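*Asks:* Got a sequence here, can you build the structure:
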Amino acid sequence: MSTLFSKIINGDIPGRFIWQDADCVSFLTIGPLTDGHALVVPRLEVDKWTDASPELVAKLMGVAQTIGQSQVAAFGAPRAGVIIAGFEVEHLHIHVFPAYGLDNFSFAAVDNNPDPLAMDASAEKLRAALRSAGHGAFVPGA
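*Replies:* Numbers count the residues shown, from 1 in each chain. Model prediction:
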């Protein structure tokens, strides 16, 4: 299968990447819950997180934690939220987003028409926060 996310990872569809390593990538979602909402996606096409190896899940959660720490730093959020839903695209992905309250955890609150310039600015804020935290080797364009 060639999923939507594989097409983004392979450069066939543009994405606002904030993290790239040998196992996974992170890029901003096109339907954010809050500014800076990112997805952590394995390069390997796995549909459900329960089908992934424990090692891959651990790797993805480690990257999600790093992204979340950078979101808290970049956006001043009190917490970073994580959701694994898996219904939108049949390719494992972890939603990681700056969380300001429980209302941020509802997909009914998705912004389906985000400002592209604001999205670019959010991606750059996250890249800068990741670089500042010592993760520059994984930040695209660093």
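*Asks:* Which secondary structure elements does the longest helix belonging to the chain sit against?
*Replies:* Ranked by residue count, the top helix of the chain under DSSP state H comes out as helix 54-75. The helices and strands touching helix 54-75, judged by 3 or more C-beta pairs under 8 Å, 6 or more residues apart in numbering; DSSP states H and E, are strand 17-20, strand 24-28, strand 38-42, strand 79-83, strand 94-99, helix 116-132. Where you see a C-beta, it was placed from the backbone N, CA and C, and this is true even at glycine.
*Asks:* That helix relative to strand 94-99, how many degrees between them?
*Replies:* Taking axes from the mean of the first three to the mean of the last three C-alpha atoms, to 10 degrees, one finds helix 54-75 and strand 94-99 inclined to each other by 20 degrees.
*Asks:* So for helix 54-75, what gets flagged as buried?
*Replies:* Going by neighbour count (16 or more other C-beta atoms under 10 Å), the buried part of helix 54-75 is 56-57, 59-61, 63-64, 66-75.
*Asks:* Any stretches of this protein with poor pLDDT?
*Replies:* The chain contains residues with pLDDT under 70 at 1, 142.
*Asks:* List the residues that contact Ala118.
*Replies:* Ala118 is in contact with Asp35, counting by C-beta atoms under 8 Å, 6 or more residues apart in numbering.
*Asks:* ditto for the one 4 residues further on
*Replies:* For Ser122, the contacting residues are 16, 28, 32, 35-36, taking C-beta under 8 Å, 6+ apart as the criterion.
*Asks:* Columns distance to Phe5 and neighbour count on top of these, output as a markdown table?
*Replies:* Output for these, formatted as a markdown table (distance: C-beta to C-beta, whole Å; neighbours: other C-beta atoms under 10 Å):
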| residue | distance to Phe5 | neighbour count |
| --- | --- | --- |
| Arg16 | 13 | 20 |
| Leu28 | 13 | 22 |
| Pro32 | 16 | 21 |
| Asp35 | 21 | 21 |
| Gly36 | 19 | 28 |
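*Asks:* now, among these, which is nearest to Ala129?
*Replies:* Using C-beta to C-beta, Gly36 comes nearest to Ala129 of these, at 9.2 Å.
*Asks:* Nearest to Gly136 among the contacts of Ser122?
*Replies:* Looking across the contacts of Ser122 and measuring by C-beta to C-beta, the closest to Gly136 is Arg16, at 17.4 Å.
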